[in-house]
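1. Turn this into a model:
(one chain, ligands or ions: 3)
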Amino acid sequence: MRSAKDFFRPLAVGAPAPVREVPFRPSRMIHFFDPGNEKMAAKVPSLAPQVDVLLGNLEDAVQADRKEAARAGLVAIAKATDFGGTQLWTRVNSLDSPWALDDLLTLVTEIGDKLDVIMVPKVEGAEDIHYVDRLLAQLEAKAGITRPILVHAILETATGVANVEEIAGASPRMQGLSLGPADLAASRRMKTTRVGGGHPGYLVRQDPTAEDAPRATYQQDLWHYTIARMVDACAAHGILPYYGPFGDIKDVVACEDQFRNAFLLGCVGAWSLHPVQIAIAKRVFSPAPEDVAWARRVIAAMGDGTGAVMIDGKMQDDATYKQCQVVSDLADALAARDPELAEAYAAAEKAAAAKEDDR
Ligand SMILES: CC(=O)SCCNC(=O)CCNC(=O)[C@H](O)C(C)(C)COP(=O)(O)OP(=O)(O)OC[C@H]1O[C@@H](n2cnc3c(N)ncnc32)[C@H](O)[C@@H]1OP(=O)(O)O
Ligand SMILES: CC(=O)C(=O)O
Ligand SMILES: [Mg+2]
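-> Ligands and ions are numbered 1, 2, ... in the order given. The predicted model follows:
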């Protein structure tokens with residue numbers, strides 16, 4: 001383990017200085033595409049302005065005999081496309097696969113200046129991040145990259161979950177974590193074959209009643225524990241948590257529910273696997289205009305943020321002030337990227353102010 005004094009030292013001569021703080025950039029949806037799939041690749045220029053993050057996927061969902069085509073496709077797309085303010089990420093193959101080393105060597109050398117984040121799958125512990133960290137530093141130095149490429153780990157093995165805190169804090173490059181519910185279910189020997197979402201068998205049942213009436217059941221969230229652990233690990237290390245994929249593309253309602261649960265628990269975004277999921281993520285991971293207006297009302301009423309006041313019958317104090325700042329700061333960051341949202345937030349604030357004047 002590196003000493004705290006060395007934590008921010010570059011790991012190779014000539015590599016850029018590590019970031020001291022992970023920049024918060026809107027990433028409500030990480031949109032996955034297969035760069036070797038011509039139809040999907042053709043959609044990249046028109047998708048770029050619609051999403052916060054475009055991710056060229058090289059790992060699972062890309063057939064073994066298409067791995068090299070996907071890698072070459074990503075290089076070509078990155079070189080040819082102006083992504084504007086949209087981030088470009090990639091998911092490389094797992095570190096024990098025959099492709100991971102060439103993925104990293106090729107991508108950093110060829111398009112390292114365009115890549116914001118490299119997602120590493122099946123991370124089991126800090127040692128996986130340390131390996132990638134050193135290799136990236138060497139490659140950045142060789143390629144003359146001037147800003148460090150950040151690293152995102154997928155939490156998708158039981159060992160990875162057990163080690164989540166050390167993974168989150170393994171390097172200043174760590175940008176965030178995503179839940180990988182499919183591989184994680186397999187690793188844990190869970191008995192769901194779905195990619196994320198609930199399961200009708202995972203429920204609690206109302207107690208029996210004296211009248212022997214039918215007993216209501218309530219489906220529970222299979223992923224609550226892991227998401228909550230991930231959120232805590234991320235918050236403790238100043239990095240960002242994400243819900244991962246929702247595989248039932250046609251069930252847009254349950255997808256929205258799963259995304260919203262993650263948003264409420266602290267996640268900043270989720271993956272979109274299909275264009276239909278982009279709007280869902282945008283809607284869910286942008287705070288609602290009325291919530292933003294409320295947060296700003298509380299902040300204004302709280303002055304320097306100390307003491308206690310009543311607003312609409314609800315107690316506000318230093319802690320609710322901080323809660324409201326979370327919502328308001330997120331709204332500011334998203335509005336700076338999304339003019340429609342900026343307008344909706346301004347309109348809701350105006351309406352709230354007019355209502356208050358009427359009181
Ligand atoms: C557990 C995990 O690891 S999850 C992460 C890995 N998985 C992925 O990345 C999956 C990414 N998504 C996909 O491969 C596809 O969306 C699938 C296989 C799920 C569905 O694909 P299709 O059956 O082609 O869906 P559908 O017919 O509705 O597609 C409509 C159009 O959208 C395109 N499209 C579908 N998904 C995407 C995407 N992710 N990005 C861009 N375009 C897409 C299709 O090519 C099709 O284009 P066309 O109208 O020109 O023919
Ligand atoms: C996200 C992912 O890779 C998984 O669920 O396995
Ligand atoms: Mg996986």
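
2. Would you point out the helix or strand in this structure whose mean pLDDT is lowest?
-> Taking mean pLDDT, DSSP states H and E as the measure, the chain has helix 339-358 as its least confident helix or strand, at a mean of 92.

3. Only the buried residues of that helix, if you could.
-> By neighbour count, with 16 or more other Cβ atoms under 10 Å as the criterion, the buried positions of helix 339-358 are 341, 344-345, 348-349, 352. (C-beta placed from N, C-alpha, C; glycine too.)

4. Looking at these, which one is closest to A279?
-> Sorting the buried residues of helix 339-358 by how near they are to A279, with Cβ to Cβ, puts L341 at the top with 12.8 Å.

5. Distance of that closest one relative to ligand 2?
-> When Cβ to the nearest ligand atom, to the nearest Å is the yardstick, L341 and ligand 2 sit 27 Å from each other.

6. try D338
-> 26 Å.

7. quick one: secondary structure of the residue located most distally from the centre of the chain?
-> No residue in the chain has its C-alpha farther from the mean C-alpha position than E211, which lies at 47.9 Å (Cα atoms, centre = their mean). Secondary structure for E211, judged by DSSP: H, G, I helix; E, B strand; the rest coil, is coil.

8. Can you list the neighbours in contact with stretch 285-298?
-> Taking Cβ atoms under 8 Å, 6 or more residues apart in numbering as the criterion, the residues outside stretch 285-298 that touch it are 28-29, 259, 263, 267-270, 311, 316, 320-321, 323-325, 327-328, 330-331, 334, 338, 341, 344-345, 347-349, 351-352, 356.

9. OK, contacts around R147?
-> When the contact criterion is Cβ under 8 Å, 6+ apart, the partners of R147 are P16.

10. mind putting the buried residues of helix 339-358 in CSV, distance to ligand 3 included?
-> Formatted as CSV, the entries for those read as follows, by distance: Cβ to the ion, whole Å:
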residue, distance to ligand 3
L341, 31
A344, 35
Y345, 36
A348, 38
E349, 41
A352, 43
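
11. okay if I get those as TSV plus distance to K191?
-> Output for the buried residues of helix 339-358, formatted as TSV (distance: Cβ to Cβ, whole Å):
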residue	distance to K191
L341	40
A344	42
Y345	44
A348	44
E349	48
A352	48
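
12. Closest one to ligand 2 out of these, please.
-> When the buried residues of helix 339-358 are ranked by distance to ligand 2 (Cβ to the nearest ligand atom), L341 comes first, at 27.1 Å.

13. Tell me how far the least confident helix or strand of the chain lies from the chain's centre.
-> Using Cα atoms, centre = their mean, to the nearest Å, we find the averaged C-alpha position of helix 339-358 to lie 28 Å away from the chain's own average C-alpha position.

14. try stretch 311-329
-> 25 Å.

15. Of the buried residues of helix 339-358, which pair is most distant in space?
-> Considering Cβ to Cβ, no two members of these lie farther apart than L341 and A352, which are separated by 16.4 Å.

16. need the residues of this protein near ligand 1, please.
-> Those residues of the chain that sit near ligand 1, judged by Cβ under 6 Å from any ligand atom, are 32-34, 39-40, 43, 57, 60-61, 182, 195, 245, 249, 273-275.

17. For whichever strand or helix holds I167, which helices and strands make contact with it?
-> Using DSSP states H and E, I167 maps to helix 164-168. In terms of contacts (3 or more Cβ pairs under 8 Å, 6 or more residues apart in numbering; DSSP states H and E), helix 164-168 is packed against helix 126-143, strand 150-155, strand 174-179, helix 224-237.

18. That concludes my questions; thank you for your assistance.
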